[in-house]
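Undergrad: When you get a sec, could you give me coordinates for this:
(2 chains)
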Amino acid sequence: DAGVTQSPTHLIKTRGQQVTLRCSPKSGHDTVSWYQQALGQGPQFIFQYYEEEERQRGNFPDRFSGHQFPNYSSELNVNALLLGDSALYLCASSLGQGLNYEQYFGPGTRLTVT
Amino acid sequence: GENVEQHPSTLSVQEGDSAVIKCTYSDSASNYFPWYKQELGKRPQLIIDIRSNVGEKKDQRIAVTLNKTAKHFSLHITETQPEDSAVYFCAASSTGNQFYFGTGTSLTVIP
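TA: Numbers count the residues shown, from 1 in each chain, chains lettered A, B, ... in the order given. From the prediction side, this is the model:
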């Protein structure tokens, strides 16, 4: 039973560039949430996707956008990268929107913006 | 929105002693409180959770208590072992969709 997977594991980008991160949920899960974890901080909720639509959004600018595909996998896109976007980006999957609260996290993508 | 505060930020205990980490939350609508363990360079892993209709939950050496009136919940680890060393995060959610995390507690168990 495959857990949550994310790609790539590490990424280095330059200020102003755009980046796409990918996530495949745990088998049987249909809901994907994205979090940003700055060094030494707790994860901060970016948004959640269910049935290919963004259902909830945290306090992040429009530069952060996403997508969910019919197979439940998801992408996180960040435009016009800033140095402050450097962080570990975590994807978490769960079953149903608000039905089963338990979230499973992926290993994360470490993004460094120079 | 919800605000979750977590204390202490660092905690050192001798092997075999108990460790307690405390969190407070602000939104009385929050009804689900998970705890995650994150080892260096690894993903957060759920270790225990509690819902608002329960005051205490135990799983072997780990327990969580919830005081809804005071809006605080705590993680208790007994008989600590070196492999318990990690960063622990508390979280709160009212919908199961959006989770608010504390800032983490770095626990070191000294052999």
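Undergrad: count of neighbours near the residue of chain B found nearest chain A?
TA: Residue of chain B nearest chain A, by CB to the nearest CB: B:Phe101 (3.3 Å). C-beta: built from backbone N, CA, C; applies to glycine. A total of 24 residues lie near B:Phe101 under the criterion other CB atoms under 10 Å in any protein chain shown.
Undergrad: correct me, but it touches A:Gln36?
TA: No. B:Phe101 lies out of contact with A:Gln36 (CB atoms under 8 Å); the separation is 10.9 Å.
Undergrad: For the nearest residue to B:Leu11 once chain neighbours are set aside, which residues are in contact?
TA: In space, and not counting its chain neighbours, B:Leu11 is closest to B:Leu107: 5.0 Å by CB to CB, 6 or more residues apart in numbering or on different chains. Neighbouring residues of B:Leu107 by CB atoms under 8 Å, 6 or more residues apart in numbering or on different chains: B:11-13, B:19, B:21, B:77, B:80, B:84-88.
Undergrad: From A:Thr112, how far out is the closest residue to chain B within chain A?
TA: Closest approach between chain A and chain B, counting by CB to the nearest CB: A:Gly42, at 3.3 Å. Distance of A:Gly42 to A:Thr112, computed by CB to CB, to the nearest Å: 20 Å.
Undergrad: hang on, the earlier thing: most neighbours of all the contacts of B:Leu107, which one?
TA: Within the contacts of B:Leu107, most neighbours by other CB under 10 Å means B:Ile77, with 25 neighbours.
Undergrad: Ignoring the adjacent residues along the chain, who's closest to that residue?
TA: Residue nearest to B:Ile77 in three dimensions, not counting chain neighbours: B:Ala19, with 4.5 Å by CB to CB, 6+ apart.
Undergrad: Quick one: residues contacting the one you found.
TA: Contacts of B:Ala19 (CB under 8 Å, 6+ apart): B:11, B:13, B:75-77, B:80, B:84, B:107, B:109.
Undergrad: Going along the chain, name the strands of chain B.
TA: For chain B, the strands defined by DSSP state E occupy B:4-7, B:10-14, B:19-25, B:32-38, B:45-51, B:56-59, B:62-67, B:72-77, B:86-92, B:100-101, B:105-110.
Undergrad: Now distance to A:Asn79 and mean pLDDT too, for those, in TSV please.
TA: Below are the strands of chain B laid out as TSV (distance: least, CB to CB, whole Å; pLDDT from 0 to 100):
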stretch	distance to A:Asn79	mean pLDDT
strand B:4-7	29	96
strand B:10-14	36	98
strand B:19-25	33	98
strand B:32-38	28	95
strand B:45-51	31	94
strand B:56-59	43	94
strand B:62-67	40	96
strand B:72-77	38	97
strand B:86-92	28	97
strand B:100-101	25	94
strand B:105-110	34	98
